[in-house]
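Engineer: one predicted model, sequence on top.
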Amino acid sequence: MDDQNKNLILATALSFLVILVWFVLFPPPEPEPLTEPPAAATTVPAEGETAAVPQAAGPTGDTATPQTDTRQDALAAAPRIEIDTPRLSGSISLLGGRIDDLSLKDYRVENTPDAPIVTMLSPVDGPNAYYALYGWAAGAGLSADLVPGPNTVWSLADGGTLTPETPVTLSWDNGAGLTFTRVIAIDDDYMFDVTQSVQNTGAGTVTLAPYGIIARHGEPQDLKNFFILHEGAIAMADGELIETDYDDIDPAADHDARTVAGNGWTGFTDHYWMTTLIPKPGTAFEFSTIRDTVRDIYQTTTKLPTVTLAADESIAFSTQLFAGAKEWDAVRQYQSDGIEGFVDSIDWGWFFFLTKPIFWLLHEINLLIGNMGWSIIALTLIIKAILFPLAFKSYVSMAKMKELQPQMEALKERAGDDRQKLQQGMMELYKKEKVNPAAGCLPILLQIPIFFSLYKVIFVTIELRHAPWLGPFQDLSAPDPTSILNLFGLLGNPGPEPGSLMALFFIGILPLLLGISMWLQQKLNPAPTDPTQKMIFAWLPWVFMFMLGGFASGLVIYWIANNTITFIQQYTIMRSQGYKPDVFGNIRESFKRDGKAEAKPKGGDKGKG
């Protein structure tokens, strides 16, 4: 076996091994069905110099009876203020002042026009409760019932419907000299501004601290549990990104609060959505993320410093709440506005130095083209253009290796069984002809991190979710929906369920084109004379075809485009070096049953065409 074939087989085997490990050993497990958790109870903070923050609570504090209400029943249990923006709809509960009813107008649960829109937040005592709660923690001189908390009934002091143009103001008088006010504003996307203020009209001095809580009752029902995607708690603390899976969140009785000097945020992130508490940049705060194991409640909290308020004094604190889709444009703009590291709320992974620029380029191309499918193909062209100098050297080296075949065969005859002599002779020949036998592996090896980075981009970014291309390919983040069972999309019926055994064998048109493109790329060179090599090369395209058939359509489109461009590049470069690949001859040869049949000299016709 010559060195060129050794290197090519090695590179191909490495590619095959990595994808095999990824696809077979780490499949996403099925999410477990969730039982509805009971409502939470109020934890009364003890008095002290430092204000203690209560845990998230339900309106009744009942811990014994599991909730059985529907979402609509839970929404009707308290008076509400409507939220209506270009991108959000929902309401704020006056009981506790919770932001606990929020839906995303631009996104649907499924890729059908009549599917319901995505629900972000839901009220306590309903299914899948998930909400933001604000309040003041009592310090010295105050009892818990004299500060607003989970069960406080607020009054609407100003405003009606919360819109980007009309903020709302809530107020509550504790009857003991303290008047609390909360002003809630919202922008055109997903950011709430919450300003909490308190005025002391009494005679004494009090200490208290403002806090914000995001509480989630149970894990999300659509939890992916896929190892390449982080879902759970997420925080930024003075430049350090902290990601904690739900299983790894500390119990309430065993956790430590972390102090942030001036820039940070904390919240919960899903595959495409996120809810995040964001203190004003430059403000020191403490945050903690805990799990109430008894009631199965996950809670992340931000607490600002405890303040002392004398008679006739007032104070106000402003914080932000992000609740929405992790869109590149939106989170990048918020980061530009001062929220440190907000773009990293998108899970770029270990290869962030590749995934970020790849997605940025794809996003910019899509702004010009307006179709993600064609944008992926254009991205492939650009990547291949960037790598062209390396590819040129590689293919030139491969062409020269073909020219050296007669001399290498002569060396083998002269060396006989003396492998050391053969290796020395080959090294001298390579040095004399200035040929690098390993150069042919580099383009293949470079495709591995690019392939994985693009897979990450397609999997984690919301811009690829339900992104259409053409014909039956209306969701590039999902596997090919076509199959031989529906005549590759010509019939109206759907193909086999993605991930099923039927889908594995009855593949769609994109995996089929992938296999054909890999097979044609092989035919630029004659099949190896060694029977084992020949068998491996013959089966490899079709093995990859079935393995990649269940991957996202956008990734398969990239791989088909990459193979096609590689074929054109390699054919053109080899022709420019005076070597004409005999593609059709190699194809005919592959269909011959007799492997000893006469064939043209290895590599095709030198100097023709």
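Structural biologist: Structure's in. What do you need? Residues are numbered from 1 along each chain as shown.

Engineer: can you name the element that comes right after whichever strand or helix holds Trp542?
Structural biologist: Per DSSP states H and E, Trp542 falls inside helix 531-547. Downstream of helix 531-547, the next assigned helix or strand under DSSP H and E is helix 553-576.

Engineer: specify the local secondary structure of the nearest residue to Gly341 once chain neighbours are set aside.
Structural biologist: Leaving out its chain neighbours, the residue that sits closest to Gly341 by CB to CB, 6 or more residues apart in numbering is Met236, at 4.5 Å. For glycine as for every other residue, the C-beta is placed from the backbone atoms N, C-alpha and C. Of the three states, Met236 takes strand under DSSP: H, G, I helix; E, B strand; the rest coil.

Engineer: Met236: neighbour count?
Structural biologist: Using other CB atoms under 10 Å, Met236 has 23 other residues around it.

Engineer: what of Lys326?
Structural biologist: Lys326, neighbours per other CB under 10 Å, totals 24.

Engineer: on that earlier part again, just how off-centre is the helix holding Trp542 within its chain?
Structural biologist: 32 Å (CA atoms, centre = their mean, to the nearest Å).

Engineer: could you do stretch 166-181 as well?
Structural biologist: That offset, for stretch 166-181, works out to 41 Å (CA atoms, centre = their mean).

Engineer: so when I look at Gly126, I'm seeing a helix, right?
Structural biologist: No: read with three-state DSSP, Gly126 is coil and lies in no helix.

Engineer: wait, what's in contact with Ile383?
Structural biologist: Applying CB atoms under 8 Å, 6 or more residues apart in numbering to Ile383 gives the contacts Ile450, Asn562.

Engineer: give the next helix or strand downstream of the strand or helix carrying it.
Structural biologist: Counting by DSSP H and E, the element that carries Ile383 is helix 372-386. Following helix 372-386 in sequence order, the next helix or strand is helix 388-403 (DSSP H and E).

Engineer: so what secondary structure elements neighbour that next one?
Structural biologist: Using 3 or more CB pairs under 8 Å, 6 or more residues apart in numbering; DSSP states H and E, the elements in contact with helix 388-403 are helix 3-20, helix 442-460, helix 553-576, strand 579-580.

Engineer: the helix or strand following the shortest one to helix 553-576, inter-axis angle?
Structural biologist: What it means is strand 579-580. Where DSSP H and E defines the elements, the next helix or strand beyond strand 579-580 is helix 583-590. With axes from the mean of the first three to the mean of the last three CA atoms, to 10 degrees defining the directions, helix 583-590 sits at 110 degrees from helix 553-576.

Engineer: tell me the contacts of the residue sitting furthest away from the middle of the chain?
Structural biologist: Taking CA atoms, centre = their mean, the residue of the chain most remote from its mean C-alpha position is Arg414, at 57.6 Å. Residues counted as contacts of Arg414 (CB under 8 Å, 6+ apart) are Lys421, Gly425.

Engineer: which SSE is it in?
Structural biologist: Using DSSP H and E, Arg414 falls in helix 405-415.
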